[in-house]
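[1] Fold the following.
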Amino acid sequence: MLRRYETLLLLSPELSSEEKQGVVEKVSDIIKRDGGEVVLVDDWGMKELAYPVRKQTRGYYVRLEFGLPGKYVSELERNLRIMEEVFRFVTVKLADSFESKEEKNEQ
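    Okay, the predicted model is just below:
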């Protein structure tokens, strides 16, 4: 059963726009591989950080909304921890149910 989640990523400020897009595509591919569906990718751009993270005072913020079976969230987070381009992340469950784009179109 798919549940709706949101993940906020803090990416390295040293990434080019192509590299940043590559990281987002990697994360989207992991979600899709595990049977999920990405609904929204919201690029917040470069922001000042409240405190230095890995000796950086700025970072790119990207928010993803997606549906994913609950048992695969830990796998997604494990992959995010391994990626050097991802400084920090937080994943939050938004809803216990998820309507895919196809289900919304049927209604």
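[2] Paired strands for the helix or strand containing Leu10, with orientation please.
    Using DSSP states H and E, Leu10 falls within strand 2-11. Applying DSSP bridges, strand 2-11 is found paired with strand 56-69 (antiparallel), strand 86-95 (antiparallel).
[3] Ranking those by mean neighbour count, which comes first?
    Highest mean neighbour count among those (mean count of other Cβ atoms under 10 Å): strand 56-69, with a mean of 18. Every C-beta, even on glycine, is put in place using the N, C-alpha and C of the backbone.
[4] Dump it to PDB, restricted to CA.
    Taking C-alpha atoms only, strand 56-69 is exported to PDB below (Å, rounded to 0.1, in the frame of the first residue of the first chain):
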ATOM      1  CA  GLN A  56      29.300  25.500   4.000                       C
ATOM      2  CA  THR A  57      27.000  28.500   4.900                       C
ATOM      3  CA  ARG A  58      24.700  28.000   1.800                       C
ATOM      4  CA  GLY A  59      22.900  25.100   0.200                       C
ATOM      5  CA  TYR A  60      20.300  24.100  -2.400                       C
ATOM      6  CA  TYR A  61      16.900  23.000  -1.100                       C
ATOM      7  CA  VAL A  62      14.800  20.600  -3.100                       C
ATOM      8  CA  ARG A  63      11.400  19.200  -1.900                       C
ATOM      9  CA  LEU A  64      10.000  16.000  -3.300                       C
ATOM     10  CA  GLU A  65       6.400  14.700  -2.700                       C
ATOM     11  CA  PHE A  66       5.900  11.000  -3.600                       C
ATOM     12  CA  GLY A  67       4.000   7.900  -2.900                       C
ATOM     13  CA  LEU A  68       5.900   4.900  -1.600                       C
ATOM     14  CA  PRO A  69       5.200   1.700   0.200                       C
END
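[5] quick one: that strand to chain centroid distance?
    Strand 56-69 has its C-alpha centroid displaced from the chain centroid by 4 Å (Cα atoms, centre = their mean, to the nearest Å).
[6] mean confidence for stretch 56-71?
    Mean pLDDT, computed over stretch 56-71, is 95.
[7] how about the nearest residue in space to Ser28 that is not next to it in sequence, what does it touch?
    Leaving aside its chain neighbours, Ser28 sits nearest to Val38 (4.9 Å; criterion: Cβ to Cβ, 6 or more residues apart in numbering). With contacts defined as Cβ atoms under 8 Å, 6 or more residues apart in numbering, Val38 is in contact with Ser28, Ile31, Lys32, Leu64, Glu65, Phe66.
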